[in-house]
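S.K.: Fold the stuff below for me.
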Amino acid sequence: MGGRNWLILGILACLIVFSSGRELKVREENKLAVYNHTLATILVEYASAVYLSDLTELFTWTCPRCDGLTAGFEVIDLVVDVQHCLQAFVGVARDPNAIVIAFRGTQEHSIQNWIEDLFWKQLDLNYPGMPDAMVHHGFYFAYHNTTLRPAILNAVKQAKEIYGEIDIMATGHSMGGAMAAFCGLDLIVNHEAKNVQVMTFGQPRIGNAAFASYYRQLVPNTIRVTNDHDIVPHLPPYYSYFPQKTYHHFPREVWLYNIGLESLVYEVEKICDKSGEDPTCSRSVTGNSITDHLVYYGVELMCETWRSCRIVSDPLVAEFGKTDLQGNLILSKDPATPILKMKTQSSGGSNHI
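M.R.: Numbers count the residues shown, from 1 in each chain. You can find the predicted model right below:
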C-alpha cells in the first residue's frame, strides 16, 4: 500500500481515536433484532454468490457458491445494471422458508479505490418523508434510481402471489449491504411489506443519526455484521464532535473478532448495544484492514477478479432475459414453475459482456 494510502488510513485512525465529544443518541423505542448465528451463515452464502459474473450458473443456481447451506434455492429474477455496474437477485429459499434478495458489493476497478472514495462522501440528500434525515446520494441512487429497484419489487410481488406472506430477507456485503438496507426500508415504507429482515456484512454508514433513528423504528429486524478490523464499517467517518452532521450507523451490530490465548484462538460474536455506534464493538478498534472486509464466517465476499464490470451468459438463458437500450439485463422466470433444469454449457458457447 502506497504512502498516500497509509496517510489516509492514519488520518482516519486519529479521527476515530480522538473523537469523544457529545453524541447524538438514536431513539430506542422498539425492540431490536435477535441475532441468529445459523441464519447469518446462510445469508452470507447468498451475499457471496451474488458476486459471481456467470449469469447462467447463477440463474440456474449451479455455481460453485450455490450449494451447501443454499442448496435448492430458486432464482426468480437476476438483475444486472451494466450502466452502473450493479447486480442483484431475488428468489425463494427452502431453508429458511423466505424470499431472499441479495445485492452485490462493489466490483468495478479495485476495492482499495472504492474505500478511498468512501472516506470523502458527504451527507448531501434529504431522505424523502423523513425530516432531518440525510443520506449520501450515491448510496440512495444505487438502489432507488437504477434498474435494480423495479425488477426486485416485481419479483417480490410475484413470489408473494405464489408463496403468500412468507419472510423477506435482504442481504448484501459492503456497498451491497447499503443497498439491502435501502431495499428493506423501501419494502416496509412504500410497499407495506411485513416480516422484512435485513442482514448485512461489512456495510458502510449510509446516513446521519436522524436517519438511523427512523430506520431503527421502521426496520427493527436488522443485523449489521462487522468483522474485526474491517475498514468499511468505519466509513464514511463518524465524528462525535459534529453529532448533527456526521454519519451514524443504525443498530444492531454484531461484531466478530478473535481472542488469542497462547496457541489457542477463540472466535467471538459480540451482540452490540442499541445505539448503532457501540464504543465497545468495532469502534473499539482501528478500522485498517481490507483483508477483514473480504472474508466473513470463513466465506469469501468478492469477485473472482477485480476488473471492470463484466458478465458471462449462455444462449440457453436468452429466452428468459430482456435487455434495455443501455444494455441492462434482467433474467426472469415464473416462480410457480419448477426449479430450472438447464445445461450450463452449450455448443454455441458463452457470451461475454
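S.K.: Give me the neighbour count for A71.
M.R.: Using other CB atoms under 10 Å, A71 has 12 neighbouring residues. The C-beta positions use only the backbone N, C-alpha and C, and glycine is treated the same way.
S.K.: Dihedrals phi and psi, it?
M.R.: phi -60, psi 140 (degrees, to the nearest 10).
S.K.: SS state for Q326?
M.R.: Under DSSP: H, G, I helix; E, B strand; the rest coil, Q326 falls in the coil class.
S.K.: Quick check, pLDDT for it.
M.R.: We have a pLDDT of 77 for Q326.
S.K.: ok, V156 touching I101?
M.R.: Yes. Taking CB atoms under 8 Å as the definition, V156 is a contact partner of I101 at 7.2 Å.
S.K.: Mind listing the shared neighbours of the two?
M.R.: Common contacts of V156 and I101 (CB atoms under 8 Å, 6 or more residues apart in numbering): V90, I168.
S.K.: which one of these two has more residues nearby?
M.R.: Between V156 and I101, counted using other CB under 10 Å, the more crowded position is I101 (30 against 22).
S.K.: Do I have it right that the more buried one meets D186?
M.R.: No. Applying CB under 8 Å, one finds I101 not in contact with D186, separated by 10.7 Å.
S.K.: ok, the nearest residue to L32 once chain neighbours are set aside - contacts?
M.R.: Counting by CB to CB, 6 or more residues apart in numbering, the nearest residue to L32 once its immediate chain neighbours are dropped is R252, at 4.5 Å. Neighbouring residues of R252 by CB under 8 Å, 6+ apart: L32, A33, Y35, T222, I223, R224, I271, C272, K274, G276.
S.K.: Most widely separated two among those?
M.R.: Spatial extent of the contacts of R252 (CB to CB) is set by the pair Y35 and G276 at 14.7 Å.
S.K.: Of these two, which one has the most company?
M.R.: G276 (26 against 17).
S.K.: residues in contact with that one?
M.R.: Contacts for G276 (CB under 8 Å, 6+ apart) come out as V26, A212, R216, H248, H249, F250, P251, R252, E253.
S.K.: Low-confidence stretches in the stretch 51-200 of the chain?
M.R.: For the stretch 51-200 of the chain, applying pLDDT under 70 flags the ranges 108-110.
S.K.: Which parts of it are strands?
M.R.: For the stretch 51-200 of the chain, the strands defined by DSSP state E, counting those that start in this stretch cover 74-81, 86-93, 98-103, 125-126, 134-135, 167-173, 196-201.
S.K.: Mind giving me the packing neighbours of the first one?
M.R.: Judged by 3 or more CB pairs under 8 Å, 6 or more residues apart in numbering; DSSP states H and E, strand 74-81 is in contact with helix 55-59, strand 86-93, helix 148-163, strand 329-332.
S.K.: How about the third one?
M.R.: The elements that strand 98-103 packs onto, with contact taken as 3+ CB pairs under 8 Å, 6+ apart, are helix 37-49, strand 86-93, helix 148-163, strand 167-173, helix 175-191.
S.K.: Measure how buried I99 is and give me the count.
M.R.: Using other CB under 10 Å, I99 has 25 neighbouring residues.
S.K.: Quick one, grab the pLDDT at K245.
M.R.: Here, the pLDDT recorded for K245 equals 78.
S.K.: Assess the claim that it and N208 are in contact.
M.R.: Yes. Counting by CB under 8 Å, N208 is a contact partner of K245 at 7.2 Å.
S.K.: Who has more neighbours out of these two?
M.R.: Ranked by neighbour count (other CB under 10 Å), K245 and N208 place N208 first, with 22 against 13.
S.K.: Nearest residue to that one in space, please, no chain neighbours.
M.R.: M134 is the one closest to N208 (CB to CB, 6+ apart), at 4.8 Å.
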